[in-house]
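Student: make a model of this:
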Amino acid sequence: MDTTEYKTFLTVFTLFNVLSICWCAPQRFCEPGDDASGRCNNGPDEEKPVCSEINLGYCNDLDYSRTIFPNILGQRSRHEVESGAEYLLLSVIHGLLNGECSPDIRLLGCSVLAPRCQDLPNPAPVKSCRSACEAVRKGCGHAFEGIDMAWPYFLDCDRFFASEQEGCHDPLAPLRARQEVAFSNLSPDEPSTIIQFTYHSNAQMYSVLKRTAAKCSHISRTYSIGRSTEGKDLLAIEFTDNPGGHELLEPEIKLVGNMHGNEVLGRQLLLYLAQYLCSEYLLGNQRIQTLVNTTRIHILASMNPDGYELAAAEVEDSNDPEQQPHHNQEGHELNGWTVGRTNAQNLDLNRNFPDLTSILYRNRRIKRFRTDHIPIPDSYWFGKVASETYAVMKWIRSVPFVQSASLHGGELVISYPFDFSRHLYEERMFSPTPDEQAFKQLARTYADSHASMADNNTERCGASFIRSGGIINGALWYSFPGGMSDFNYLHTNCLEITVELGCDKFPSEEELYPEWLRNKEALLSFMESVHRGIKGVVKDEEGYGIKGASISVRGIRKDVTTAEDGDYWRLMNSGTHIITASAKGYSKVSKRIYLPAQLEKAGRVDFLLKKVPVQPVRPDYHLFLSSSLDTYERFDPYNQFQSYGRSEPGEPREPRDPGMAGEWQEKPWWWTYFTQAGVSAPTWLLRNI
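Tutor: Numbering: from 1, shown residues only. Below is the predicted model:
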């Protein structure tokens with residue numbers, strides 16, 4: 001046999017052996033791609049099913065005691081089950097979902113990992129009922145979405161579960177029976193909304209907000225307004241009957257917490273408020289349903305998540321006996337007075353906004369000077385602008401907010417603009433805005449609804465507010481430039497107050513529930529107060545809304561402007577007022593209105609403007625306009641920041657480098673639960689891959 005014949009023979013012989021091995025290999029029951037994703041385990045040989053006792057710690061409370069191996073996933077032993085990511089997920093699911101859907105998810109998963117064994121005539125697994133799986137997925141799917149986790153593959157209702165006609169088993173029947181007994185024993189006086197009054201890490205905060213939005217997806221959604229200096233999402237949640245967009249004549253309100261990272265009570269109250277609005281709406285609370293259906297509510301629980309982490313670490317250190325001898329106590333026993341106050345750049349965010357108040361004071365005596373919608377001076381961008389400040393400025397420019405509250409800590413009082421004194425050398429000087437009366441009414445609404453803020457006998461934190469009833473003009477208390485409230489007022493239509501919630505910036509966890517009780521009614525009353533004053537639509541002769549039209553009130557040198565579709569809102573106190581609507585290229589229209597003291601909703605005042613020839617502008621007036629009004633729309637002229645999109649956190653990020661296409665820049669926060677345990681990576685839990 002020559003060399004060529006030998007090579008041919010060897011090739012044929014090798015191919016025959018390979019084919020023989022393939023023909024004799026046991027049939028695989030995995031679907032394509034399941035091996036790579038860890039969705040099944042197949043051994044080289046078939047094993048006869050064997051019944052055995054259940055010895056899995058997290059599955060020992062099933063209503064049967066014997067299971068079968070290999071199980072439905074093909075896992076051949078207890079050790080193989082305990083070594084898998086599926087079992088690890090069931091062991092940590094209570095903590096991941098913060099107690100929600102427990103033990104439903106665990107029991108359902110255990111019925112797949114440790115199915116009931118049917119002994120006769122041959123050992124076989126009894127699958128759980130598909131209807132039970134579908135009910136759990138319907139009730140708990142939002143919880144997985146809330147933490148950016150995919151629904152576990154082994155809880156696929158069509159693949160691993162059976163119908164009632166196939167003789168399936170319902171693993172949740174005993175649990176439902178116990179729950180029915182427990183519910184029947186509840187007193188009617190028990191609270192209908194259950195909230196865990198504990199502190200939340202940043203990851204837990206994001207989880208709570210997203211789970212809440214998923215639970216009430218018909219009235220709520222989460223969105224990111226940008227990122228912090230260290231890249232954390234500035235995650236907001238909104239509540240309205242049509243989430244995702246502005247509705248004509250529906251006022252918009254925002255609540256901002258944790259601007260100073262170590263002032264944490266406001267952050268927690270806003271998390272509780274979001275859960276409360278969702279739960280009470282679903283329970284049919286008429287007051288909450290009316291509020292949500294007629295208002296668009298935006299909640300930014302933490303404007304400074306980077307600072308919060310520093311403040312929370314300080315609390316942990318102060319509670320550590322080994323650290324206490326070396327711990328520098330700066331203020332309250334649980335937290336330093338300044339640790340974590342600033343952002344990661346060491347910038348105080350409430351001193352970082354453009355100082356428009358000084359511009360107002362310099363130009364207020366000019367006859368034609370416009371005291372509203374003052375543009376951001378170009379010089380502002382030459383300084384240090386925090387990522388958080390930039391994001392909030394873009395936010396309030398893009399949404400027609402009517403009123404706002406920023407929640408702080410360190411005192412017990414409501415302050416309102418102006419926060420910067422009208423005299424450069426006066427640290428404490430009464431410096432009212434043109435809307436002084438409207439601001440006082442806003443502040444009174446919150447303070448009077450608070451359990452103790454308006455009581456002059458309440459112990460304060462050092463400052464004296466005798467006879468003020470718990471409210472004060474900001475500059476009269478202490479003066480500072482670059483504040484967020486002044487910027488809201490002078491750059492947009494929004495009226496913002498500052499709520500100082502108490503002396504303790506980082507109260508103990510035991511105080512969270514009492515503080516919620518003190519502030520719940522105040523928060524609700526404040527949100528409801530947006531429905532006062534007047535509202536309306538400014539249209540042209542063809543019936544189209546006029547964007548940017550000015551609504552002025554005689555005697556108040558501060559206008560509001562109409563939104564995209566021509567609608568507007570003007571917070572005003574009761575009385576008789578002269579209202580004028582005007583727009584460039586249109587005639588002016590004035591109306592005399594009367595607002596009764598007990599009006600429960602905003603009065604409707606519409607305007608129809610006729611087009612007129614545009615009048616030439618005086619030369620000196622044109623110079624002024626070119627430096628102010630014409631530059632209002634220009635934002636970040638030097639493009640010093642990247643534009644942050646409003647995509648949902650959890651969507652695929654940009655890859656770190658071209659070689660990582662398809663990989664996220666960062667994994668979800670719960671990924672470390674699995675990587676640290678040393679199990680094979682459960683890529684089937686990642687969404688959007």
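Student: got the domain ranges for this protein?
Tutor: Following the assignment in the TED database, the chain carries domains at 51-179, 202-316+339-531, 534-614.
Student: end-to-end on the longest one?
Tutor: Read it as domain 202-316+339-531. One end of domain 202-316+339-531 to the other measures 33 Å (Cα to Cα, to the nearest Å).
Student: and it, how far out from the chain's middle?
Tutor: 14 Å (Cα atoms, centre = their mean, to the nearest Å).
Student: helix/strand/coil for Lys254?
Tutor: Of the three states, Lys254 takes strand under DSSP: H, G, I helix; E, B strand; the rest coil.
Student: ok, and the closest non-adjacent residue to it?
Tutor: Leaving aside its sequence neighbours, Lys254 sits nearest to His298 (Cβ to Cβ, 6 or more residues apart in numbering; 4.3 Å). In short, each C-beta sits where N, CA and C put it, glycine included.
Student: surely that neighbour and Gly257 touch.
Tutor: No. Look at His298 against Gly257 with Cβ atoms under 8 Å: they stay out of range, at 11.9 Å.
Student: tell me which residues are up against stretch 467-475.
Tutor: Residues from elsewhere that reach stretch 467-475 (Cβ atoms under 8 Å, 6 or more residues apart in numbering): 412-422, 428-432, 440, 443-444, 447-448, 450, 453-456, 458, 465, 483, 485, 498.
Student: let me see the mean pLDDT of that stretch.
Tutor: For stretch 467-475, mean pLDDT rounds to 90.
Student: which residues of the chain score low on pLDDT?
Tutor: Within the chain, the stretches with pLDDT under 70 are 1-46, 98, 179-192, 316-337, 466, 616-630, 642-666, 688-689.
Student: that older thread, could you redo the domains of the chain as a markdown table and give each row mean neighbour count and distance to Tyr632?
Tutor: Converted to a markdown table, the domains of the chain look like this (neighbours: other Cβ atoms under 10 Å; distance: least, Cβ to Cβ, whole Å):
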| stretch | mean neighbour count | distance to Tyr632 |
| --- | --- | --- |
| domain 51-179 | 18 | 38 |
| domain 202-316+339-531 | 20 | 4 |
| domain 534-614 | 16 | 10 |
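Student: how about those domains, which one is nearest Phe635?
Tutor: Phe635 sits nearest to domain 202-316+339-531 of all these, at 6.6 Å, using Cβ to Cβ.
Student: looking at the domains of the chain, which is closest to Gln640?
Tutor: domain 202-316+339-531 (5.9 Å).
Student: wait, Leu249 sits on Asp567?
Tutor: Yes. Leu249 is within contact range of Asp567, at 5.1 Å (criterion: Cβ under 8 Å).
Student: and for those two, which residues touch both?
Tutor: The contact lists of Leu249 and Asp567 share Lys535, Gly536, Val537, where a contact means Cβ under 8 Å, 6+ apart.
Student: would you mind measuring from the last one to Lys547?
Tutor: The spacing between Val537 and Lys547, counted by Cβ to Cβ, to the nearest Å, is 11 Å.
Student: identify the contacts common to those two.
Tutor: Joint contacts of Val537 and Lys547 (Cβ under 8 Å, 6+ apart) are Thr562, Asp565, Gly566.
Student: redo the residues you listed as JSON lines? Include secondary structure and distance to Lys138.
Tutor: Converted to JSON lines, the shared contacts of Val537 and Lys547 look like this (DSSP: H, G, I helix; E, B strand; the rest coil; distance: Cβ to Cβ, whole Å):
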{"residue": "Thr562", "secondary structure": "coil", "distance to Lys138": "43"}
{"residue": "Asp565", "secondary structure": "coil", "distance to Lys138": "37"}
{"residue": "Gly566", "secondary structure": "coil", "distance to Lys138": "42"}
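Student: go through those residues and say which is closest to Ala177.
Tutor: For those, the nearest to Ala177 is Asp565 (54.1 Å; Cβ to Cβ).
Student: which residue is the nearest non-sequential neighbour of Lys601?
Tutor: His531 (4.9 Å).
Student: the nearest residue to Thr498 once chain neighbours are set aside: what secondary structure?
Tutor: Closest residue to Thr498 apart from its sequence neighbours, by Cβ to Cβ, 6+ apart: Ser415 at 4.7 Å. Counting by three-state DSSP, the backbone at Ser415 sits in strand.
Student: returning to that earlier point: so the residue nearest to Lys254 bridges to which residues?
Tutor: Glu238, Lys254 (DSSP bridges).
Student: mind listing what it touches?
Tutor: Contacts of His298 (Cβ under 8 Å, 6+ apart): Ala236, Ile237, Glu238, Glu252, Ile253, Lys254, Leu255, Val399, Phe401.
Student: quick check: the farthest pair among those?
Tutor: Once Cβ to Cβ is applied, the contacts of His298 give Ile237 and Phe401 as the farthest pair, at 15.3 Å.
Student: where's Glu511 relative to Leu265, distance?
Tutor: Relative to Leu265, and taking Cβ to Cβ, Glu511 is found at 8 Å.
Student: give me the common contacts of the two.
Tutor: Asp504.
Student: tell me how far Leu88 lies from Asp455.
Tutor: Counting by Cβ to Cβ - Leu88 and Asp455 are separated by 53 Å.
Student: oh, that last question was meant for Arg428, not what I typed.
Tutor: Noted for Arg428: a distance of 23 Å to Asp455, by Cβ to Cβ.
Student: now Val612: closest residue in space that isn't a chain neighbour?
Tutor: Nearest residue to Val612, sequence neighbours excluded (Cβ to Cβ, 6+ apart): Ser587, at 5.0 Å.
Student: so who does the one you found touch?
Tutor: Applying Cβ under 8 Å, 6+ apart to Ser587 gives the contacts Leu609, Lys610, Lys611, Val612.
Student: dump those to CSV, plus secondary structure and distance to Thr492.
Tutor: Output for the contacts of Ser587, formatted as CSV (three-state DSSP; distance: Cβ to Cβ, whole Å):
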residue, secondary structure, distance to Thr492
Leu609, coil, 22
Lys610, coil, 28
Lys611, strand, 27
Val612, coil, 28
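Student: now the residues you listed in TSV, with distance to Tyr390?
Tutor: Formatted as TSV, the contacts of Ser587 follow (distance: Cβ to Cβ, whole Å):
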residue	distance to Tyr390
Leu609	35
Lys610	41
Lys611	38
Val612	39
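Student: which of these lies closest to Thr67?
Tutor: Leu609 (76.7 Å).
Student: contacting residues for that closest one?
Tutor: 538-541, 546, 549, 581-583, 586-589.
Student: please consider this matter closed, and thank you.
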